[in-house]
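Asker: Give me a model of this one.
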Amino acid sequence: MIPRLSPVLTVLSVAVLGIQAAPAIAAPAPGSHQPITEALAITRFNRISRVGYDLQFALDKAGEQYGGTATIRFDSHPRKADLFLDYAGQSVVSIILNGTRIPIRHEAGRIILPAARIHAHNVVEIGFRSVFDKAGHGIMRFVDPEDKRVYLYTDFEPDGAHRVFPCFDQPDLKAAYKLTVSAPVNWVVLGNRASDRREVAGDRQTVRFPATVPISPYLFAMHAGEYVSWHDKAGTMPLGIYARASLKKYMDAPEIFTITKQGLGYFADYFATAYPFGKYDQVFVPEYQHGAMENPGAVTFNEKFIYRSRPTDARRFDRDNVILHEMAHMWFGDLVTMKWWNGLWLNESFATYMAARAQQALPRYGDTWQRFYSTKQWAYETDQRATTHAIDGPVVDTEAATGIFDGITYGKGASVMKQLAYYMGETAFRDGLRTYFQRHAFGNSTLPDFMGALQSRTPLDLGGWSQVWLKTAGLNAVQPVWASTAGKITQFSLAQTVRSGAAQLRPHRTAIGLFGPNAQGQLVSQGELPISYAGLSTAVPAMIGKAAPSLVFPNMGDHDYAKVILDPVSLATAQSSLSAVADPFLRLQLWNSLSQMVRDHELDALAYLDLNLLHLPKETNPPAVNGQLSAIASLALTELDDATRTAMLPRIEAFLWAEAAKQPAKSDAQQQWTNTALSVSRTAAGQKRLVSFLQGKATFPGFELDPDMRWQIISILTACNHPEAQALLNAEQRRDPSDKGIKAAVFVATCRPDITVKDAAWKRLLTDQQSTISELTSVMAGFHHPDQVGLLQPFAGRYFDTIQDVYRTRENAFARRFVQSMFPRFATDPATLARADAMLKSTTLPAELRKWLTDLTEDLHRRAKIQTLAHQALTERLAKTSQKP
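Answerer: Purely as a prediction, here's the structure:
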C-alpha cells in the first residue's frame, strides 16, 4: 500500500494550503467492533486450518446497502472454548453451522460459533447485510456527478475484510476465495482472478470467479461498476486498466502498460520467481484515501495518477514508482505475507526499496536513487521526532496496526534495506531474496525467516546487525573530522553520534567522496573510498596524504542511513560554491544538508533564502529544483512571522517570476518555476498577476495552467479577500463540473476570510456524519490558511477543547484527519504553544492521540523558533542598513 497522497519533499516543504497528507487509515463499519489482538490471533491460528471461502454478493445501482452469503470451510482441533468469526458489518441474517441453523450471536464485531457444534471438518454458511462505507475502508460506493454512473471498490488493509463479510481476519489464516456477484448487466465486475462464467438474466448478470490461490483476507478484492477499460498482454498473461468513464480521455494506457510489462519482467527475473496470480488488472478508483493497494490481480490506485494536464517527468515518475511499488508487493506481501502486523514494515519497506531498484534498471529513468533520496527525508524527519520507534516492534492488535503506516515503516525501512544490500553486497542480497521466496511461497513468514534466508548467503553476522538496526529506534549522524598541512590530509576520521531515539551507535557502510576545483572552476571528484564504520570514531588511514579537498561528503550514492553533518570547510564550500559542484546527486544532498540546518536552528531562514537566490538559478537537476522550489514556497508562507514575511515577500515573488520567465517554453522547469511563483504571490502586484494568468491575459509562451493550479489560484485570491474572487469561483465551477471541481469549490469557499464561514465549517465537521471523508476533507483543507492566523485565533481553544471528544466518538479515519488538519499549525503565538503543551501533560490522552499531538506540537515549536531566528536576522540586517552613511 502507498499511504501518502503526495511525494515527500525537503524538510522545509509542507502543505501550505491543504491538509497534511495522512497515513493509511481505518474506520469501523456500522456494527460495533473491537480490535483483533495478536494473542487471540495466535490462539485461533493454533486451532483452525485449511480455510476456504465461497462468497456471494448482490449489488445494485441504487441504495446504500448490499447483501451476501459467506460459506466458510475450515478444519478445527477440539477445544472447549467457543470459536469466533470476525464481522463488523450491519447485521447477520442467518447462520447455518454444519447443516444446522443456530441462534445468531453477533457481539462487538464477532460471530460466536459454539464449541459444542464445531467438528474436525466444518462448513458454516452466514447471510449478512451491510451499508457502503463512507470513511474509505470496506466497500466504497461513488456516483459520478458528471454522468451519474456508479462505481464500487473494496479496500481492506489492515483488517477491513471483516467489515464486509464474515471471516477469520488475520493475515496468517490464508485461504482460497471463490466469488459470485449478482450485479446490473452493464457493470464490469472484477476479482482477484479472471471470471470463468457469466450468466445474464434480463437486466441482471451473475459473474463467477474460480478459487484463488491462498491469500490473506486483507488482499481479497471485489470491484464493480460502469468502468471503462483498456487491455493488453504481458506474454500470454492478460493485463487490464480500469477507470471511470468521465476520466477516459485523460488515461495514458500505453505508457502504463509499458511500465507494467517492464516491471513484471524485472521482478520475475530478479526474484527468479514467476508472477503468481494469473492476471494483472489496475483499477483507478474515486475518493480513494490512499495512494494504491496491492490486491493480487486487482490493484487499486488513487485517481490522482490520472493526469488532467501534461504531466512533468516528476509526476510520471511518481505514478510509475507507485505502479512498481504495488507490483513488488505481488511477491513480497502477497505471495509471501507477514504472519502478523508487526511484520508490516517489511512488506512496505521492501516494496519501496524494490520499486526504486526496478525503476533505476528501466530504460526511462536514470535519477531514481536521487528521487529515492528525496523520499528518504520522510524517514529522517520521522526518526528525529520524540515519537520515533523501532522499525520492528510489537503490534498488540489491529487498532495499533493502523498507526504504523509512517515514515519509519516506509522510508526508514526502505533506506535500511538499501544499506543492507550495500553492506552484504548486491549479489548476496539478491540470492538471499530468491531463497526466501523459494522457502515461503504462498505462506506466511516472520523477520527471522527473512533474515535467515539472507544469512544463508553471507558470512556477515546479520543477527547483530538486525538487533541494532531493526530493534532500536533513532537516527545516527556522521561527520568527517579531518585536518591538513601544506595541502595534504594529515588526519581523517568519521565521527558517529546519536541524534534521536535510543543511545545506539550502529555499524554502517558508506562511501566518502573528496572534491576540489578543476581548471574550469567546477568542484569535481578527487576520489571516493568505500568504508565501514562503527562506534564514536573510525579512523580512515587511507585518506592520509591525499590532496586536501575543498569539500568532503561521507555518503556518496546515499547507501548509508545517517544524517550528514558537514565539517566546517565543507560547509563553507557548500554555501559559497554549491552551484559549482559538478555531481548533480551531490548537489541534491548538499541542498538537503543546508535545509536540515534550518530545521535544527543552525542556519536562519533568511540566510537559507539567500543561498537559494544565489545558487538555484544555476541548478539543472530536476529533483533538486523541485525540492528547493517547494522549500522556498514553504519558507515564504509558513516559516516567517508576519513582519518578516511582509518585508521578504516582494523579493521572493520578484525572484520567482524573473526565473520563471527564463525557462524554456513547455518545459518541466517552466511549469515548476511558474507554479511556485503563482502559489507564493500575495502582494497586490502578485494578486493582479494571478487574476491575469487565470483569465489568460498574461502567461508565458507554452505554459499550461492545469485545473489544480487554477483552483489553487482562486483559493489564494479568496483567502486574500480579492474583490474578483467570488466571480472567478463562479466561473471556475462552470468550467470544471467534475467531482474534483465540486470538492475544490468547497475547499475554496472555506478559504474565505469570514468568521461566519469558518464557524459554519467547524460546525459541519463536528455534526455531519453523512458525507464521505473525501467531502469533509475538502472542508478541512480550506479551513486553516497562512494568511488568516489572526482570524482563526478563536478556534485554537475550541480545537483543544474538542479533540478528545472527536477521538472518542468518531471513527478513526475522521478523527485522524480532524486532529491533524484542524490543529492551529500556523499559530506560533505563546498562548497557542502553551495550550498545546498543557494538552500533552494530560494523563487521560489515548496513546494514539498523544502521538499525533506530540508530532504537531513539536512542529509548531520548531516553526516558532525558525520564525524567531528569521525575525532576528531581519532586524540585524535593517540595523546594518540604517547605519550605512
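Asker: Please count neighbours and contacts with C-alpha atoms only from this point.
Answerer: Noted.
Asker: who touches Ala314 in this structure?
Answerer: Ala314 is in contact with 622-623, counting by CA atoms under 8 Å, 6 or more residues apart in numbering.
Asker: go with 10 Å
Answerer: Each residue near Ala314 by CA atoms under 10 Å, 6 or more residues apart in numbering is listed here: 7, 320, 371, 622-623, 626, 668.
Asker: Kindly report the same for Thr212.
Answerer: Going by CA under 10 Å, 6+ apart, Thr212 touches 52-53, 175-179, 191-194, 220, 277-278, 296.
Asker: what ranges do the strands span in the stretch 301-450 of the chain?
Answerer: Under the criterion DSSP state E, counting those that start in this stretch, the stretch 301-450 of the chain contains strands at 337-338, 444-445.
Asker: Pull out the buried residues from the helix or strand containing Ser882.
Answerer: Secondary structure assignment for Ser882, by DSSP states H and E: helix 847-883. Neighbour counts over helix 847-883 (16 or more other CA atoms under 10 Å) mark 849-851, 853-858, 860-871, 873-874 as buried.
Asker: quick one: contacts of the worst-scoring helix or strand of the chain on mean pLDDT?
Answerer: Ranking every helix and strand in the chain by mean pLDDT, DSSP states H and E puts helix 398-401 at the bottom, with a mean of 90. Here helix 398-401 makes contact (CA under 10 Å, 6+ apart) with 24-27, 34-38, 157-160, 169-170, 340-344, 394-395, 812, 847-848.
Asker: let's see 7 Å
Answerer: Here helix 398-401 makes contact (CA atoms under 7 Å, 6 or more residues apart in numbering) with 35-37, 159, 341, 395.
Asker: May I ask which two of those residues are separated the most?
Answerer: Asp159 and Val395 (13.3 Å; CA to CA).
Asker: Those two: which is more packed in?
Answerer: Legend: neighbour count by other CA atoms under 10 Å for Asp159 and Val395, higher for Asp159 (27 against 19).
Asker: Surely the more buried one and Pro171 touch.
Answerer: No. The criterion here is CA atoms under 7 Å, and Asp159 misses it with Pro171 at 8.8 Å.
Asker: what about the helices in the stretch 201-350 of the chain?
Answerer: 253-271, 313-329, 344-361 (DSSP state H, counting those that start in this stretch).
Asker: Give me whichever of these is most buried.
Answerer: Of all the helices of the stretch 201-350 of the chain, helix 344-361 has the most neighbours on average by mean count of other CA atoms under 10 Å, namely a mean of 23.
Asker: Return the list of helices and strands in contact with that helix.
Answerer: Packing partners of helix 344-361 (3 or more CA pairs under 7 Å, 6 or more residues apart in numbering; DSSP states H and E): helix 313-329, helix 368-383, helix 413-424.
Asker: Give me the angle between that helix and helix 368-383.
Answerer: Angle, helix 344-361 to helix 368-383, by axes from the mean of the first three to the mean of the last three CA atoms, to 10 degrees: 160 degrees.
Asker: Need the mean per-residue confidence for helix 344-361.
Answerer: Helix 344-361 shows an average pLDDT of 96 in the prediction.
Asker: Determine how far it lies from the middle of the whole chain.
Answerer: Remark: helix 344-361 is offset 13 Å from the chain centroid, using CA atoms, centre = their mean, to the nearest Å.
Asker: try stretch 647-665
Answerer: Chain-centre distance of stretch 647-665: 31 Å, with CA atoms, centre = their mean.
Asker: Just the residues contacting that stretch, thanks.
Answerer: Here stretch 647-665 makes contact (CA under 7 Å, 6+ apart) with 617, 636, 669-670, 673-674, 677, 680-681, 683, 700-703.
Asker: avg pLDDT for that stretch?
Answerer: When pLDDT is averaged along stretch 647-665, the result is 98.
Asker: Which positions within it qualify as buried?
Answerer: Buried positions in stretch 647-665, judged by neighbour count with 16+ other CA under 10 Å: 648-650, 652-653, 656-657, 659-660, 663.
Asker: What average pLDDT does the helix or strand hosting Gly67 get?
Answerer: Using DSSP H and E, Gly67 maps to strand 65-76. Strand 65-76 comes out with an average pLDDT of 98.
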